[in-house]
Structures are given as structure tokens and as C-alpha cells.
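In: Output the structure for:
(2 chains)
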Amino acid sequence: MNRMINEQELHSDRAPGVGKWLRGGDPLIWLNGAAVSVSVIAVVGLLLLLAVRGLSHFWPADVLAVSVSYQGQTRELLGEVVEQVEVPGAQLREAGFELQGPGPFYQRTLMKQGNRDFLGTDFTWLIDEQFGPRRYPLDVLVVERLEWGNFYGYLRAVSRFGEDPVTVAEHGEAATLEAMQALIVDTVAVREEIHEIEQGEIGAINYELERLRLRERGLELEGRLDAAAQADLASKRAEQEASFRALQEQLYTLYDSIKDHSYSAELADGRVVTLPIAKVVRAYQPNAMNVFAKMAMYVERLWEFLSEPPREANTEGGVFPAMFGTVLMVILMSIIVTPFGVVAAVYLREYASQGFVTRTIRVAVNNLAGVPSIVYGVFGLGFFVYFVGGELDQLFFPASLPRPTFGTPGLMWASLTLALLTLPVVIVATEEGLARIPSTVREGSLALGATRAETLWRVVLPMASPAMMTGLILAVARAAGEVAPLMLVGVVKLAPTLPLDGNYPYLHLDQKFMHLGFHIYDVGFQSPNVEAARPLVYATALLLVLIIALLNLAAVSLRNRLRERYKSLEH
Amino acid sequence: MSPFTPRWRHFKDRAATVSVTAGGAGVLVAILLIFFYLLYEVLPLFGNASIEKRSEVASPFASAPLYLAVEEQTEMGFAVFADARGSFFQLDSGRVVLEADLATDLGPVSAVAEESAGKRLLAVAHTSGAVSVHAHEYRLSYPGGERLITPRVERLYPELAIRIGEGPLQKLALGDNDDALLVVAQDAAGALHAQRYNRSENFLTGEVNFDLEILPLPTLAGETADFHIDENLHWLYHIDSKGGFAVINLRQRDGTGKLEVASRGELFSGGGQLSESAMLLGGISLLAASDRAELVQYFMVRDGEGGHRLQRVREFDTDGVSIATLLPEHRRKGFVALGRQGEVQIYHTTSHRRLLSESALPLGAGAAAISPRADALLLVDADGSLRSWHIDNEHPDVSWSALWSEVWYESYDEPAHVWQSSASDNDFEPKYSFAPLAFGTLKAAFYTMMIAAPLAICGAIYTAYFMAPALRRKVKPVIELMEALPTVILGFLAGLWLAPLIEDKLTAVVTLMLALPVGVILFAFLWSRLPLAIRARLPDGWHAAVLVPVVLFIGYASFASNDVLELWFFAGDMRGWITTELGISFDQRNALVVGIAMGMAVIPTIFSIAEDAIFSVPKHLSYGSLALGATPWQTLVGVVIPTASPGIFSGLMIGLGRAVGETMIVLMATGNTPIMDANIFEGMRTLSANIAVEVPEAEVDSTHYRVLFLAAFVLFMFTFMVNTVAELVRQRLRIKYGSL
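Out: Residues are numbered from 1 along each chain as shown, chains lettered A, B, ... in the order given. A predicted model of the protein is given here:
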């Protein structure tokens, strides 16, 4: 080790021998550098992968028409190319395919052929060598539907109320498509009206009826259900039921007004089918669209993803309820965790005597941040849901028993569990901020005659507010991405209503909610049609990353503004 | 404080102190609550059983019953007497509710046998030699909100008119399943007879027919003491009075046309005589007690030569009590043993525990029964008293040794570590072994650390020590950004993108792992051969930036050459080659995938702590070393790393803690099968994933639920301890830096 190598030698033009170069440790430095490169590439690559796969989903892809011949049989196919891979021929032969080509490798294509109601599966793997010429016919129609996934075909006719159809043969392609779009606009408007009534007004009536039932049961339990009360309840119930019937009439009329609109289209194999317009979300001809039209469609579909609830077992549609649930839960958690975390930190740093016990507690709190989140989930389930929730039900909601109100996983317990999970983070960060405030500042305040509480409130806490924000940022970042504990204490794959709505008490803490992270897990791994759901999962994952980044950025800018304000104090 | 301070300011100050103290202490207590709550849920698992007297009344019966049973709600008992009458009676008052007729027309009763524990099916042998089969049932109703139990007895298979041997039968056994009804009996002369009624169902009419088959039993040595039939009507266990056993295969005949004896031997190693034997719930295990206080469990296992043998599975420590009666539980693999001197003992077979041993309860000779929920013990004495006890025995099926060591489960050929918590079957033996879960947890953590530790530590060393400050300011946040990435996203990418990719391009992944270090060193060597003019353009500490295209190229080249290399070396199918040539099974979602994905989650943790530790090594130390002529690498290895090693260690520990507790990645990136195999190409099930999968379905406060809480508690303690060690090491490091 006492061999001397100076800077000149390291950087000399005359390169050292291989052995010397190896012994100098240079290769190892390069290897360490490579570790950094690999880590950075992994992070950036991961985000790019999410972005590319997540964002490409909304682009209206061209539809390929091709005839596939295999063992003397030919069939026509229509669909979007999803994926292409090279496969060794041996593997294919083993799987029982007859191959024509010479090569060791064959191109395979995954096609989304849609039409699940007619073909059975939406996706199919094909071997490219069986393809005839590839065509992109301009008149291919893609229909996004409420049921059975996408439809691919050639539009033949459109009919309003099932009468006097507008046909392609008679009126031409453009007129027919126009008629169809007009009908879709009409039905979408009617469907929205129906949704409004079903979710809004009928939902409110159902909620009111349930409350009446609970009040009746409550009175019965208290022994105060006399004739007067019963009559009162009955009249209220009759009132609600009357308006319910009126709404139902209205609904029937609305349903009737759209149920007979239909369109006919020809499938790739020549079959002509007639389908209801009422189930159509949108229809377009991607091959005939220019870039700008596609961009408009892209934005429309992206907006649908962000603003609509999911449909078709979460494999289509949007993620709005999941997004809403995630943000609401994080906000509730922040409201709970901030005061408690700050009080605990202030106690530890400003009020507790700094002895062995305080030091031990500090280490313990620090370590709790490393306890697996599933442990908090188990605790939340056992303690909050079953123990506290069960007691609350006995005390405050005996009317709805045996159906639990709070004795079952829900929004409140999820927020509380995550608040507990992130409490150590907030405590540690706030404490660090408090420790950084010079004691001279406190002493100055006390010397001027302020009480300890006044010093704390007017001097110490404002100065520590950036640190509190840091703690909250870290807490929010951790909470928004946490899924494992939520699976136990309140998340569901599909919640029929949002936890925040127009029915008293507006914020339903006892309701289960949807969550982006759980949505990813559920759609990606529990879905019956994983292939169809996959692009949506990428998009959801990207959205989750963006939300976390956004929450972080918001908090960071807030912290910076606070820092700016108290800068003068720190110097 | 100033004398001018108004009183309310004082008051506010006091109030603030009190509320902050209360609030702060409250929050800390709430945190401690996690520990105590988990403990509170777990502790009942290891508690013992207790028994207390419930009632004692004068027996309403003139004689001791031949058979006794208690119904589910422990309100009512059922007794069968020698005159072929049965009585349902209130447990606590002794009042007879209903008298039932158990085929009095066939004459008085000489013996009664229960089909199996908990099935409420009886075979009654009459002195005439006839056998009748009865079921006792209880219907619950709630007229006026009060519980009402309506008992009844139903005679089954009267059309068979079962009759065995001549004269009164001494003893009998009944077996009943979907295929056949089997009756084995010992006549007054001591000879054994077996009759099987094979069931056949007419598919069109649904009518069931029985064909009688008289089974040719082999001649057995010794005087018959007891015999039992197993659940599947496959084996007949015969025990003679000297404690010798013979197991007869009811499905196999030997050369002479008699049924074959599958296994013979001695039950007791101490040489005692049989005092009592019984079949455990499920009809697989045979329990036997000797008059010399030996208590053993046997069941049939394959002997490896195509045959079966009756295997001694475990023996129970009876504490010298000679057992007179064995009462198997109806819902669990436990049993109650009553001693000759009035002792009561409660055992559980799977957990190999004796949960209770009470002596000197006033037990007399008579009939005994336990309730279906095993919460009541009923005794009807010959001396005319009816007594019942309440038993509290919630969680007998778990013990520390059963959780961690190998257990010989029923129907297994050898002791094993198995996690299998639930099944549809009532007779199921739950298998709570933490060993495969803990193994899976450590396996996942091991492969994670294999990938994360080198990358994170090397990266930290380079970033902290060699990297240019301008670059460091950008690189550090990027790597730490990964920490904020939700693990559910990593898990989903691992399961749906990485796992199929690795399966498809396995050769490329292996190539990449080998080619990356070699390629980087090769590049470095070539770089050192470049003229100084070019090399000097790269400022110090930018190696990593130069390497990005190199790494990307090596990655691209590995994947591009995948197919060709696979064709050359593995005949185009590396996965198949691994399975056939190396004999290693390959799952798509395996430990390698988990290692890479969880590595991504752990790298930022380790990186961040290790980087801080290395970066904060006082600069004068490294300057001193460099000034003495050491190269930067020598300074790093000789000075910087030794000083920072506690910090690196603490980073590793915290990373390990994270890898052990991570749930979503493992849940999504493995098959979640609880196996014990270190193979990198197979999956695992970890403690955390197991909790996530099973807790939502576990019944509250059941043994399963508490065992899952125990798993959470184990995880909690493990990570807490690992983190504490890391924290203490870090604190010492801080003191050390302070002194330098």
C-alpha cells in the first residue's frame, strides 16, 4: 500500500500497464459508477415505461384488416395490433402449430379483435406468416360500448326507433355515420338524465327511506314507537314512495325513448348484425381520421378516464371514484395526523425532560416508521374496526344492528390507520425542526415576559412550520401509495357511491371507498379479462404517480413559501 | 414571571402545559397500544384450558346409560339405556323432556356404538342379535324470541334388518359413508363378524339399494379388546387385550380369500394392557391408552413399499394418570381423557399439548360425554347423580413447537412444515406452521438484498465520494424519488411486465448480469487507453454519466442477442432446458422477479443512509490519506469505508427490515404458494402477503385470526428489533464523527 501514485501518473498520457491499472482501483471506481448509472436508468426507465404505456392507451389506433390462412382455411380478421414478439419456431411447433417459413424465429402478433359477443374472446395471438396482405380500410367503424367491449366492423345502416333506416347503400357512408353520431348524442343525453335520476334523486329517496327505517327501529328499541310516531313515519314514507313512483314512471319513459335506436354493421367474416345504440359510448372511424381528429379523440378519451366511473368489471371506462377516494382519504389522514404528530413532537422536545426515557421513546418512535404497513393494517382491523367500531355501533347505531355501521371497514378507519402509520414520520420531522430553532430565540421571548405557551405559539411553532410541512409531505407521499393496510380496513373494488355526496351528513365516514392503488392491484390481478384491462392499469399507475408527485409538489411549494416568510427569524 | 402578568395568561400557560403533555403522552401511548393490542390478541393462543362445575342434580334415571350425548347449545342431553329406550333431558335440571324408542321391538340392548365423533349416528345391538341404526337430531326455533330445542330420534335403514351372528353381541362398530354401511361386531363367543351393505343409487329414480356383503375376516390371535373402523371404511383396527394390534384392509383379500392384515404390532412400548381406545375426529387417527398411563396416537401411513403401516405418531405425557375414558372432540383434533381416580385431562393432537390436568374431580363410574363445541362435559353416574362442567378451551390447536417445528399431520407420510389454514371440510386438520412463511419471507428478503445491496452501496460510495457535486445534486434526488414510488406499482410491473419478460428473455437477463460488469470494466480499460486529450475533457466524477449509454448499449445488446444465444446454448428454450437438464422447476412469478422488484423499493433506502454516512466522513481524514500518497481508491477502502461502515450497516439493516415487511410486491410478483425451497425460479409466500390474503376471510377471534395476528406480531418484533439495532449503530457513529 505504500506504493506511490501521484496525480501526474494517473493522468499521464503514457497509459499504465494492465496490471498496474487493475491494482490502482480504477476499474472498481468505474464499477461503482456503473451502479449509479444502473439505478438511475432503472428509475427513469420505470417512469418512462409507465408514461409510454399509460398514455398510449388513449390514442385511437388504426384498425388492421387482414385475412389469415392456416391449414387451407382462411378467415377475415379486423382489429388493433396490440403487441408483436419474435418467437423461436421450436416453441411454436411444440405448441402444435404447423409452420411454413424457414427461419428459426417467427413474428407473432397479438390482435384486439373486440366483438366479444360474437367471437368469444377480444384478444387473439396470430402468426404473421399466415397473414395475407395488410389493409387499413377507411370505413372500418370502431364502437366503444357499455357491454361486451369494443365493436369492430363496417357500418351498414342506422335506424331511429327501429324504423326507416338510413343505409349506406342508399344514402352513402357519410350520411349514415352522421345519422349514427346524431343518435349517439341523443342517447348519451338521455342516459345522463337517467343516471341523474337513478343516482341523484332515487338515491336520495332510498337514503331517506333507510333513515326512516332506522328511526323506526331506534324508536322501537327505546320503546317510544307509539301510534303517533308510526303514523308520522308512515306518512313520510308514503310521501317518499310517491315521489319514487313518479320518478320511476319518468325513468320508464326515458328508457323507452332510446331502446329502439339501432345500427347494423358487417363483421369481418361477412355477418351483418344489428345492435342497440343505447349501449354505445362513442363510434369513430380511426383509419379515416387525421392526426388532429385523433388528438381530439385522445383528449376526449383521456378526459373520460379521469372523470368517469369504471364500467365492465373495472376493465373499461374511468377511474374517477378511485381518484376521488384516494385524495379524500389522504386529506382526512392529513387532518388527523398533523395536530397529533405536532403535539407529540412539541411534548417530546419542549415539555418532556430530556432524559433516558425520552431518548428511548424517540428511538422507538423512529423505529415505528420502519414497521411494515401490513402490521398497521392488522392493528387497524382488529382494534379500530372490530373493537372501537363494534363498540360505537352498540352505543350510537343500535337501530341498524346486526348490520354494522362503523363495525366494518370504512373510510374513517382507513384514514385513522394511515394516520397512525404516518404519525412517526410527522413526529420525527417536526422534532428535527424544533431542535434546529436556537434556544436563544426561546430565551429571548421568555425574557421579554412571554409565558411558555405564548413563546410556543407565537415564536417556536411558526418557525417550525416548514419542518411540519416536510413531515406532512413525507406522510402524504407514503399514505397515498400505501395499499396493503387499506385492503384490510376499508377499500373495495367497486363502491356504488362516492363517500362525499348531497345526502346528509354529506361526508360518509362509514362508507367503503375506492383507491387507485387497490384499483391497480384489483384490475391487474383479480380481473377476469387481464389483457383488456392492462393498458388501463398502466394509465392508473401513471395517474397515481402523478397524484403523489402533485401532492408532494404542492406541499413543497407551501413549505418554501413558509420558509420565505420566517427566513428573517432564522437569522 | 412578571408580577403584571394577568391571571388568565398564567392560566393559559398552565392549560397549554397540561394539554400538550396530555396530548403528547396520549399519542405516545397510542403508539405503544399497537404493541399491546397485538399482544392482547395473541396471548389467548398460548393459554391453557380451564374447567368449572356447572351443575349437579340427582339423576332422573334408574341405571347408568350405555350411551350419552350433549347437543350443541349444551341445554339438553341424550341417554340410551339397556331397555332400548332413549331419554332427552335438561342438563341443568335433570328433567326428562322426551322419551324415545330405539327399536324396543328388537329386544333389550347389549351394546351401543357411535359412528364417529360428532355425527350423532348410533348403532344399537339388541340381545336378539339384531342391530338397529338411529340418529338423534335437534331442531332450533325461536317462538316469541325464546330459543326452543325440539329433539327427535330417527331410525335409519330399518329395511336392512341387520342381524349379525347368534345371540347377544358384546361390542360393535359402525361405519357409514357414501359408498357403504359397515357393521363390525363381536358375538358372545368372542368371534368377530363384519357385514358391509354396499350402496348403489339408481340414476333415474334416485332410489338407493343396498347389497349385503359378508366380509371374510382373518383369524386373529389374542382376545379382542376393542376395534374401530376408519372414515373411508378402508381399515379395521383390531386391538387385543395385551395391547397388540392388527389392521385389516377391508378392500384387499389375501391368497386364502380372507381379508389381508396390513399391519401388526404392539401399541404400547411400556407393555401395558389396553384400557381405552377411540378414533379421533375425522376417523383417521387411533388413540389408545394403557393401564400403565401410556397415551398414544397412531395412524396409517404408506410404508414406501406399496403397503401401509400403523405408525405411532405421538405420545402424550399423562403425568402418571391411568386413563379410563377417551372423549374425542366433535369439531377439532382434540380430546378429553378421564382418569380412573377422577382426573380430567384435555389434549390436542396437532399441537401436541396437554391443556388441562385436573385431579380429584368427583367423577364416578358411569357414562360421560362432551358437547359438540367442546365447552361442556356431562357425566351420569351409576350412583344416581347427573353432573356437568363448563370447559373453557378456545385455542388448543396452536403451540410454539407446532408453529416452528415439523409436525406429523394426518394423511402425511412424514412430519412436515405445512401452512394450510382452511378447507371446506369440517374434519380438516388446520396446519399452522410459520416455518414455510418465515422461510418465504427470508427468501424474498435474501434475493432482494442480493440485488439491492451491491447496487445501493456501490452507488452510494460513488455518489458520496467520487461524483462531481453538480451531478450529485441531480442524481441523489432521482434515486430517492424511487422511495416515493408506491410499491403497488412496482408489484404490478413486476407481475405483469417483468415476470413475462424474464420468462421470455431469460437468457438475456442472465447475459446482462454477466455482461454488465465485464462490459463496464472493458469500457474502462479502453477509456484508459484513450489519449489524454480526450480523457481530460471528462471532468472528474462524471464516470456515471459516461456509463449511461454504455449500460444502455449492453442492455440492448443482451436482449437483442437473446434469441441467438438461446438457440446456441439451450436449443432455443432456456426455460425448458432449466427444467429438464437442471431439474429445477420454473414459475413465471419467481424469487428473481421479486428480488428485482423489491430491490427497486429497497435501493433508495439503503442508498440514502449509506450515502449520508460516507459523505459525512470528515474530509480531513481523506485529505490526510491522499496527502500521504494513497490513491483515491486506497483512501476509500482504507479510510473512508471503515469509518462509515456502521452507517452502511445501518442502511442495510433498515433495507432488510423493509424487504421483510413489504407486502404488495410479494403479493403480486409471486404465486403465493407456501413452499420451502430456496430455488430462485420458484415463488414463495411471505408472512406479510399471507396476512393480506387471509385476514379478511378469517373469523374474528378464531384461532386462525389470532395466528395471523401472531404473524403480524412476529413481523412487528422482527422489524422493530432490526431497526433498533440500526438506530443504535447510527447513534454511535454520530458520536464517533463528533469526536473526530
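
In: now the most centrally placed residue in chain B, nearest residue through space, not along the chain?
Out: Chain B has B:Tyr432 as the residue nearest its centroid, 1.5 Å off, counting by Cα atoms, centre = their mean. Among residues not flanking B:Tyr432 along the chain, B:Val707 sits closest, at 5.1 Å (Cβ to Cβ, 6 or more residues apart in numbering or on different chains). The C-beta positions use only the backbone N, C-alpha and C, and glycine is treated the same way.

In: per-residue confidence for that neighbour?
Out: Here the pLDDT value assigned to B:Val707 is 93.

In: need the contact list for A:Val63.
Out: Counting by Cβ atoms under 8 Å, 6 or more residues apart in numbering or on different chains, A:Val63 touches A:Leu78, A:Gly79, A:Glu80, A:Tyr136, A:Pro137, A:Val140, A:Val142, A:Tyr152, A:Pro286, A:Asn287.

In: ok, the second one - how many residues close by?
Out: Using other Cβ atoms under 10 Å in any protein chain shown, A:Gly79 is surrounded by 27 other residues.

In: what about it, which SS state?
Out: strand (DSSP: H, G, I helix; E, B strand; the rest coil).

In: who touches it in this structure?
Out: A:Val63, A:Leu64, A:Met111, A:Lys112, A:Gln113, A:Gly114, A:Thr124, A:Tyr152.

In: Which strand in chain B has the most residues?
Out: strand B:130-141 (DSSP state E).

In: so where is the stretch 401-550 of chain B shaky, pLDDT-wise?
Out: Applying pLDDT under 70 to the stretch 401-550 of chain B picks out residues B:423-424, B:426.

In: same deal with chain B?
Out: B:1-5, B:360-365, B:423-424, B:426, B:740.

In: for chain A, what are the nearby residues on the stretch 1-150 of chain B?
Out: Contact residues (Cβ under 8 Å from any Cβ of the partner chain) of the stretch 1-150 of chain B with chain A: B:1-2, B:5, B:9-10, B:12-13, B:15-17, B:20-21, B:23-25, B:27-28, B:30-31, B:33-34, B:37-38, B:41.

In: Just the buried ones out of these, please.
Out: B:9, B:12-13, B:16-17, B:20, B:23-25, B:27-28, B:31, B:34, B:37-38, B:41 (16 or more other Cβ atoms under 10 Å in any protein chain shown).

In: List just the nearest of the residues you listed to B:Leu481.
Out: Using Cβ to Cβ, B:Ile31 comes nearest to B:Leu481 of those, at 28.7 Å.

In: where's that closest one, which helix or strand?
Out: helix B:7-42 (DSSP states H and E).

In: Against which helices or strands is that helix packed?
Out: helix A:320-346, helix A:356-368, helix A:373-379, helix A:411-436, helix A:452-454, helix B:703-739 (3 or more Cβ pairs under 8 Å, 6 or more residues apart in numbering or on different chains; DSSP states H and E).

In: picking that back up, pull the most distant pair out of the contacts of A:Gly79.
Out: A:Val63 and A:Thr124 (14.2 Å).

In: tell me how far the ends of stretch B:493-511 are from each other?
Out: 22 Å (Cα to Cα, to the nearest Å).

In: What residues of it count as buried?
Out: Buried, per 16+ other Cβ under 10 Å, within stretch B:493-511: B:493-499, B:501-511.

In: can you list the residues that contact it?
Out: A:46, A:49-50, A:85, A:524-525, A:530, A:534, A:537, A:541, B:558-559, B:561-562, B:565-566, B:569-570, B:574-575, B:578, B:586, B:588-590, B:592-594, B:596-597, B:665, B:668-669.

In: Looking at those residues, which are in strands?
Out: Counting by DSSP E, these contribute A:Val85 to strands.

In: ok, of the contacts of stretch B:493-511, which come out buried?
Out: A:46, A:50, A:524-525, A:534, A:537, A:541, B:558-559, B:562, B:565-566, B:570, B:574-575, B:578, B:586, B:588-590, B:592-594, B:596-597, B:665, B:668-669.

In: Those in helices, which ones?
Out: A:46, A:50, A:524-525, A:534, A:537, A:541, B:558-559, B:562, B:565-566, B:570, B:574-575, B:578, B:592-594, B:596-597, B:665, B:668-669 (DSSP state H).

In: Name the residue of the stretch 51-200 of chain B that lies nearest to chain A.
Out: Using Cβ to the nearest Cβ, the closest approach of the stretch 51-200 of chain B to chain A is made by B:Gly145 at 13.6 Å.

In: And for that residue, the neighbour number?
Out: B:Gly145 has 5 neighbouring residues, counting by other Cβ under 10 Å.

In: List the buried residues of the helix or strand just after the longest strand of chain B.
Out: Using DSSP H and E, the next helix or strand after strand B:130-141 towards the C-terminus is strand B:148-156. Applying a neighbour-count criterion of 16+ other Cβ under 10 Å, one finds B:Ile149, B:Pro151, B:Val153 buried in strand B:148-156.

In: can those residues go into CSV with extra columns for distance to A:Leu488?
Out: What follows is these, written out as CSV (distance: Cβ to Cβ, whole Å):
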residue, distance to A:Leu488
B:Ile149, 38
B:Pro151, 42
B:Val153, 47
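
In: Between those, which sits nearest B:Met482?
Out: Set against B:Met482, the nearest of the buried residues of strand B:148-156 by Cβ to Cβ is B:Ile149 (63.5 Å).

In: thought the closest one was touching B:Leu140?
Out: Yes. Assessed by Cβ atoms under 8 Å, B:Ile149 is found in contact with B:Leu140 at 6.1 Å.

In: Quickly list what's touching both of these two.
Out: B:Gln73.

In: any idea how far A:Leu421 is from the residue in the stretch 451-571 of chain A that chain B sits nearest to?
Out: Residue of the stretch 451-571 of chain A nearest chain B, by Cβ to the nearest Cβ: A:Gly481 (2.7 Å). Between A:Gly481 and A:Leu421 the distance is 12 Å, computed by Cβ to Cβ, to the nearest Å.

In: Likewise for B:Val695?
Out: 16 Å.

In: Also B:Val124?
Out: For B:Val124, the distance to A:Leu421 - Cβ to Cβ - is 62 Å.

In: hang on, B:Trp527 in a helix?
Out: Yes. According to three-state DSSP, B:Trp527 belongs to a helix.

In: give me the number of residues near the nearest residue to it once chain neighbours are set aside?
Out: Excluding its sequence neighbours, the residue lying closest to B:Trp527 (Cβ to Cβ, 6+ apart) is B:Arg535, at 6.8 Å. Using other Cβ under 10 Å, the number of residues around B:Arg535 comes to 14.
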